[in-house]
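[1] Sequence and predicted structure below; questions after.
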Amino acid sequence: MPRKLLVRDLTLRDGQQSQFATRMNQSQVDRTLPHYAKAGFWGMEVWGGAVPDSVMRYLGESPWTRLEKIRDGVAGASKLTALSRGRNLFGYNPYPDSVIEGFCTNAVKSGVDVMRIFDALNDIDNMTSSIDAVKKAGGTADCAVCYTTDPQFTRGERFSAFLKGRRLPKAIFTTKYFVDKAKELARRGADMISIKDMAGLVEPAAAADLVKAIKDAVPLPLDFHTHCTPGFGVASVLMAMASGVDIVDSVVLGFSGGPAAPAFEIVQLFADRLGLETGVDLKSVSALDAELRSIRTELDKFDQFKRLPPAFDIASGAVPASLEGLVEDAVAAAKAGKIDVVLGVCQDIEKWFNYPEPDGIVKRAQIPGGMYTNMLAQLKEAKLEQHMEEVLRSVPLVRLDAGVPPLVTPTSQIVGVQAVNCVIDKTQGKPWYTNVSKNFIELVKGSYGRTPWPVDPAFREKIAGVREETPYDTSKYKVQPNPEIPEFGGVRLALDGKEELLLELFPSVADKFLRAEREKEWKAKLAALPPEPDPDEGKRFPPEFWEEELQAAIEA
């Protein structure tokens, strides 16, 4: 009997977020649901991440409606999964347990079966409240270990640090580090574990080592998540599959590649040759891909690469000879443990599917693609884009000062912004850290949690004014106001608990969205009212007119 390989489809959340800035509107999502209802993926990631913010900010739609319509459209054919940043949920500062429980409870009620919980620092204390809340609500706690790599320092930087008596880390993010995190999450109540590689940095050999080591140490289902940005994605997914992973994340072909995850169709080709059974209805996937390709043309202005993979009907069973040979060679090399061959052949498979070329900057600098884009935009705004190489060299040093956080949202943005600030300081003849962002101060202070590497107390005092790590005090949390709106009949801005949560989690965006909703409802209410009676009705003619009319009618 073939071993099962479960597949989590990312298309409606991570896929469209990576490729098209989360711009799929509700009608476009609705068009895919009949196909998803028949496809039978183990899971569909449809919510969390940038979805709640983006559907309000850019589309004027309700995040809760988005989730509930998908729930109703799929009708239980797949588990619906969502992404949550642990204690931070969607923002930077930690939330009190009451907000976390309210969010998790309502998310499960509205359709989320599996909540993927992660923390940008891999601080498990930041995840336990969400684990408990999800399980209490009846959901599955999918606990992610964020994959990252160690900062790279030149010999000169290491020698300079030695002369200053500064200790530089040699190896923090080892296989043991990730295994220990997975074991701790299992002790804290995780129902399953995910290796979450946000930037696509996990190389094929590391993917194989991690999967084997975690499977040996933790008796829970294991999921593997990566991206294609630096060119490792397809090869690393293959090695994870060959090494015994239980679940893989993928995107339907038309939305795959580049900054997104590898295609399901490629996963299926590998599974067929590894003797793995996905249980996915391939005819429905082919129909779904056709619909998604149509939607992609509608999202053209948000499509940064415009590199559509060639049409490929996975249901037909017919594989072009040029592709068949590559798939066979890749699988054979994976079974034989020939990692370099796997990588080379899988990159040829990516070329066959017209994926964007591997991003060399992301690969060399070991940073997420979005982090690079944000830093470049910040430099361009300051008219200093010629200093990008210097910023890239500064990232490891700033990251070290901040406690070597994994480069995942939001720490990637915090470190990237600060690296740019430091270079701008230098161009102005000022010392580093003259201009320090509020978020960098909070990160160094300890407000966001415990960093993987200890922050130097003297540096913490210089930046944050305290020598000791100082956690965020949620007892000082203030609930967002929910005012009455006189111009719309005196209704509250948020009408129920779900809308109140939107205000808590996205204050400025939700305020604008909810005001627009209340205005639409008020105008609709006014339009539905019956017309007011005319006060002059019956008074337009004098009484004698009606008497004359009546007399004339009698005589006639």
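    Great, that's in hand.

[2] Tell me where the stretch 51-200 of the chain has helices.
    Taking DSSP state H, counting those that start in this stretch, the helices of the stretch 51-200 of the chain run over residues 51-57, 63-74, 97-109, 128-136, 155-163, 175-187.

[3] among these, where is the model least confident on average?
    The minimum mean pLDDT among these belongs to helix 155-163 (a mean of 72).

[4] Would you mark the buried spots in the longest helix seen in the chain?
    Identified as the longest helix of the chain according to DSSP state H is helix 507-528. In terms of neighbour count (16 or more other CB atoms under 10 Å), helix 507-528 has its buried residues at 509, 510, 511, 513, 514, 517, 518. Using the backbone N, CA and C atoms, a C-beta is placed for each residue, glycine as well.

[5] now do stretch 422-429
    422, 423, 424, 425.

[6] which of these lies closest to residue 393?
    residue 423 (9.2 Å; CB to CB).

[7] residues contacting that closest one?
    379, 384, 387, 390, 391, 394 (CB atoms under 8 Å, 6 or more residues apart in numbering).

[8] Show the model's pLDDT score for it.
    pLDDT at residue 423 comes out at 94.

[9] going forward, begin numbering at 300 instead of 1
    Right, with 300 as the first residue, what we last looked at is residue 722.

[10] immediately after the strand or helix carrying it, which helix or strand?
    Per DSSP states H and E, residue 722 falls inside helix 710-726. Note on helix 710-726: by DSSP H and E, the next helix or strand toward the C-terminus is helix 737-744.

[11] quick one on the thing from earlier: need the helices of the stretch 350-499 of the chain in a markdown table with mean neighbour count and distance to residue 739, can you?
    Putting these into a markdown table (neighbours: other CB atoms under 10 Å; distance: least, CB to CB, whole Å) gives the following:
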| stretch | mean neighbour count | distance to residue 739 |
| --- | --- | --- |
| helix 350-356 | 22 | 22 |
| helix 362-373 | 20 | 29 |
| helix 396-408 | 20 | 24 |
| helix 427-435 | 21 | 25 |
| helix 454-462 | 11 | 20 |
| helix 474-486 | 18 | 24 |
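
[12] Residue 439 contacts residue 491, doesn't it?
    Yes. If you go by CB atoms under 8 Å, residue 439 and residue 491 touch, sitting 6.8 Å apart.

[13] hey, what's in contact with both of those two?
    residue 413.

[14] mind listing what's buried in stretch 575-584?
    Neighbour-count burial for stretch 575-584 flags 575, 577, 579, 580, 581, 583, 584 (criterion: 16+ other CB under 10 Å).

[15] Those residues in strands, which ones?
    residue 575 (DSSP state E).

[16] Show me the two of the buried residues of stretch 575-584 that sit farthest apart.
    Going by CB to CB, the pair spanning the buried residues of stretch 575-584 furthest: 575 and 583, at 19.0 Å.

[17] Out of the contacts of residue 722, which sit inside helices?
    Checked against DSSP H, the contacts of residue 722 include these in helices: 678, 689, 690, 693.

[18] ok, so of the buried residues of stretch 575-584, who is nearest residue 755?
    residue 575 (48.1 Å).

[19] That closest one bridge partners, please.
    Beta-bridge partners for residue 575, by DSSP bridges, are residue 302.

[20] separation between it and residue 476?
    Residue 575 is 29 Å from residue 476, where distance means CB to CB, to the nearest Å.

[21] so how far is stretch 539-557 off the chain centroid?
    Computed by CA atoms, centre = their mean, to the nearest Å, the chain-centroid distance of stretch 539-557 equals 16 Å.

[22] got the end-to-end distance for it?
    The stretch stretch 539-557 measures 19 Å between its terminal residues, going by CA to CA, to the nearest Å.

[23] Counting neighbours, show which residues of it come out buried.
    Neighbour count says stretch 539-557 has 539-542, 544-557 buried, by 16+ other CB under 10 Å.

[24] List the ones among those residues that fall in helices.
    539, 540, 541.

[25] Against residue 322, how distant is the last one?
    Right, residue 541. 36 Å.

[26] The helix or strand containing residue 334 packs against which elements?
    In this structure, residue 334 sits in helix 325-338 according to DSSP H and E. When contacts are defined as 3 or more CB pairs under 8 Å, 6 or more residues apart in numbering; DSSP states H and E, helix 325-338 packs onto helix 362-373, helix 581-597.

[27] what mean pLDDT does whichever helix or strand comes after it have?
    The helix or strand immediately downstream of helix 325-338 is strand 342-347, counting by DSSP H and E. Across strand 342-347, the average pLDDT comes to 97.

[28] Stretch 520-527 too?
    97.

[29] Send over that stretch as PDB, restricted to the C-alpha atoms.
    Written as PDB, here are the backbone C-alpha positions of stretch 520-527 (Å, rounded to 0.1, in the frame of the first residue of the first chain):
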ATOM      1  CA  PRO A 520       2.800  15.000  11.500                       C
ATOM      2  CA  LEU A 521       5.500  17.200   9.800                       C
ATOM      3  CA  ASP A 522       4.800  19.800   7.100                       C
ATOM      4  CA  PHE A 523       7.400  21.300   4.800                       C
ATOM      5  CA  HIS A 524       7.000  24.900   3.500                       C
ATOM      6  CA  THR A 525       9.400  26.800   1.300                       C
ATOM      7  CA  HIS A 526       9.500  29.200  -1.600                       C
ATOM      8  CA  CYS A 527      11.300  29.300  -5.000                       C
END
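
[30] Now do that stretch: distance to the chain's middle.
    Relative to its chain's centre, stretch 520-527 lies at 13 Å (CA atoms, centre = their mean).

[31] and if you look at stretch 721-738?
    Centre-to-centre, stretch 721-738 and its host chain are 30 Å apart (CA atoms, centre = their mean).

[32] Span of that stretch from start to end?
    Terminal residues of stretch 721-738 lie 15 Å apart, using CA to CA.

[33] residue contacts, the nearest residue to residue 816 once chain neighbours are set aside?
    Nearest residue to residue 816 in three dimensions, chain neighbours excluded: residue 361, at 7.7 Å (CB to CB, 6 or more residues apart in numbering). Each residue near residue 361 by CB under 8 Å, 6+ apart is listed here: 354, 355, 812, 816.

[34] Quick check: the third one touching residue 802?
    It stands for residue 812. No. In this structure residue 812 lies outside contact range of residue 802 using CB under 8 Å: 9.7 Å.

[35] so what secondary structure elements neighbour the longest helix of the chain?
    Partner elements for helix 806-827 (3+ CB pairs under 8 Å, 6+ apart): helix 350-356, strand 790-791, helix 796-804.

[36] Give me the average confidence score over the second one.
    In this model, strand 790-791 has an average pLDDT of 96.

[37] what does the longest one give?
    Helix 796-804 shows a mean pLDDT of 96 in the predicted model.

[38] ok, now stretch 301-313?
    Averaged across stretch 301-313, the pLDDT comes to 95.

[39] same thing with stretch 699-713?
    Mean predicted lDDT for stretch 699-713 stands at 91.

[40] picking up where we left off before, show me what the longest helix of the chain is in contact with.
    Contacts of helix 806-827 (CB under 8 Å, 6+ apart): 352, 355-356, 359, 361, 779, 784, 786-788, 790, 792-793, 798, 801-802.
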